[in-house]
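Asker: This is a predicted model, with the sequence first.
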Amino acid sequence: MSTFVKIKALRQSLSSSEAKLADFTLNSANAIRNLSSVELAKVVGVSQSSVVKFSQKLGYKGFPAFKLAVIDALNDETSEPKLHGKITLSDSLEQIAEKLLSSKLAVLTETKNLNEALAIEQAVSLLKSAKRILICGLGGSALVAKDFSYKLQKLGMPAIAEPDGHAQLAYVSTFAKGDLVIAISESGVTREIAEVVKQAKKNDSYVISVTKFGSNPVADQANVRLYSVAEEESVRLSSILARTAQDFVIDILFIALTQSSRQGRKLLEHSNDVVGEFRNH
């Protein structure tokens, strides 16, 4: 996972000193090649200990490892699409379409970069072995959860998505070892979803989280952590981009499940045939 992707995903949760280091890294990454931790601290205007803590918060043992990761990210950097400014009241339809397309491409690219193949494989394994599956989310995330439940049901998997928080909690209270909760929350702090996850863990059930990158109440309790990205530069685009990223994650899981299950593919084909036959009558 690119160091730059990590920094952008964690940007909103950083302290003031860490935010200064984050901004300097994103805007002047090449300069870090030739700086020591002491020199970087002096340039940015923070303490050397802040540099070390910042490196560790990103998952590195210390500044040398962080510095190498920045150099690797610079070497691997491609011309990824960037989010443009807000969609304004004066934008033409063509401008709206261009900004929305660019935003969605950026979100999809960063969501792909945040999710390691191993985590996807672990999530697929849990899904295939689950006795019962509850997919929970509120608001826009509930729509994503419902769509995923439909997809899993077509593969013959015992999945349900209940949009009501109280119903989710009541259902998960009956869970036991071998059951699975998929918790979808853009922020990772949704109180109702965090409580469902807490109850699932109390019952020794498994949890897959789909949240923003970094530490949060939902992801911290999960067996497998998956991430979605929604840049916050435009409030008007926010929920659209969040669903775009979440849909991308569940579609990866669905395709991976279909690819790995011959029986699932047969059931999917059969369900499509049944619906197709009904439509043709």
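Answerer: Yep, that arrived. These numbers come from a predicted model, not from an experiment.
Asker: Look at Ile135 and give its secondary structure.
Answerer: Under the three-state scheme (DSSP: H, G, I helix; E, B strand; the rest coil), Ile135 adopts strand.
Asker: correct me, but it touches Ser149?
Answerer: Yes: under the criterion of CB atoms under 8 Å, Ile135 lies in contact with Ser149, with a separation of 5.2 Å. Every residue, glycine included, has its C-beta placed from N, CA and C.
Asker: Which neighbours do the two have in common?
Answerer: By the contact definition CB atoms under 8 Å, 6 or more residues apart in numbering, Ile135 and Ser149 are jointly contacted by Ala159, Ile160, Ala161.
Asker: Among Ile135 and Ser149, which residue is more densely surrounded?
Answerer: Neighbour tally, Ile135 and Ser149, criterion other CB atoms under 10 Å: the higher count belongs to Ile135, 27 against 21.
Asker: Identify the residues contacting that one.
Answerer: Ala145, Lys146, Phe148, Ser149, Leu152, Ala159, Ile160, Ala161, Val181, Ile182, Ile184.
Asker: What's the mean pLDDT across the top helix by length along the chain?
Answerer: Criterion DSSP state H: the longest helix present in the chain is helix 235-260. Rounded to a whole number, the mean pLDDT of helix 235-260 is 85.
Asker: quick one, strands of the stretch 101-250 of the chain?
Answerer: Assignment of strands within the stretch 101-250 of the chain using DSSP state E, counting those that start in this stretch yields the ranges 133-136, 159-161, 180-184, 206-211, 224-227.
Asker: you'd agree Val44 is up against Leu21?
Answerer: Yes: under the criterion of CB under 8 Å, Val44 is in contact with Leu21, at a separation of 5.7 Å.
Asker: still on that earlier bit, can you add mean pLDDT and distance to Leu74 and give the strands of the stretch 101-250 of the chain back as TSV?
Answerer: As requested, the strands of the stretch 101-250 of the chain are exported to TSV (pLDDT from 0 to 100; distance: least, CB to CB, whole Å):
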stretch	mean pLDDT	distance to Leu74
strand 133-136	97	39
strand 159-161	95	42
strand 180-184	97	34
strand 206-211	97	28
strand 224-227	95	23
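Asker: most packed of those strands?
Answerer: Of the strands of the stretch 101-250 of the chain, the one with the most neighbours on average (mean count of other CB atoms under 10 Å) is strand 180-184, at a mean of 28.
Asker: What would the helix or strand bottoming out on mean pLDDT in the chain look like as PDB? C-alpha coordinates only.
Answerer: Sorted by mean pLDDT, DSSP states H and E, the helices and strands of the chain end with helix 262-280, the least confident at a mean of 80. What follows is helix 262-280 as a C-alpha-only set of coordinates in PDB (Å, rounded to 0.1, in the frame of the first residue of the first chain):
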ATOM      1  CA  ARG A 262     -18.200 -23.900  -8.900                       C
ATOM      2  CA  GLN A 263     -21.400 -24.600  -7.000                       C
ATOM      3  CA  GLY A 264     -21.900 -20.800  -6.500                       C
ATOM      4  CA  ARG A 265     -21.500 -20.300 -10.300                       C
ATOM      5  CA  LYS A 266     -24.100 -22.900 -11.000                       C
ATOM      6  CA  LEU A 267     -26.600 -21.400  -8.600                       C
ATOM      7  CA  LEU A 268     -26.000 -17.900 -10.000                       C
ATOM      8  CA  GLU A 269     -26.600 -19.200 -13.600                       C
ATOM      9  CA  HIS A 270     -29.800 -21.000 -12.500                       C
ATOM     10  CA  SER A 271     -31.200 -17.900 -10.700                       C
ATOM     11  CA  ASN A 272     -30.400 -15.800 -13.700                       C
ATOM     12  CA  ASP A 273     -32.200 -18.300 -16.000                       C
ATOM     13  CA  VAL A 274     -35.300 -18.400 -13.700                       C
ATOM     14  CA  VAL A 275     -35.600 -14.600 -13.700                       C
ATOM     15  CA  GLY A 276     -34.900 -14.500 -17.500                       C
ATOM     16  CA  GLU A 277     -37.600 -17.100 -18.200                       C
ATOM     17  CA  PHE A 278     -40.100 -15.200 -16.100                       C
ATOM     18  CA  ARG A 279     -39.400 -12.000 -18.000                       C
ATOM     19  CA  ASN A 280     -39.900 -13.700 -21.300                       C
END
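Asker: residues in contact with it?
Answerer: Contacts with helix 262-280, where a contact means CB under 8 Å, 6+ apart, come from Lys154, Leu155, Gly156, Met157, Leu257, Thr258.
Asker: Tell me the buried residues in it?
Answerer: Along helix 262-280, the positions that meet the burial threshold by neighbour count (16 or more other CB atoms under 10 Å) are Gly264, Leu267, Leu268.
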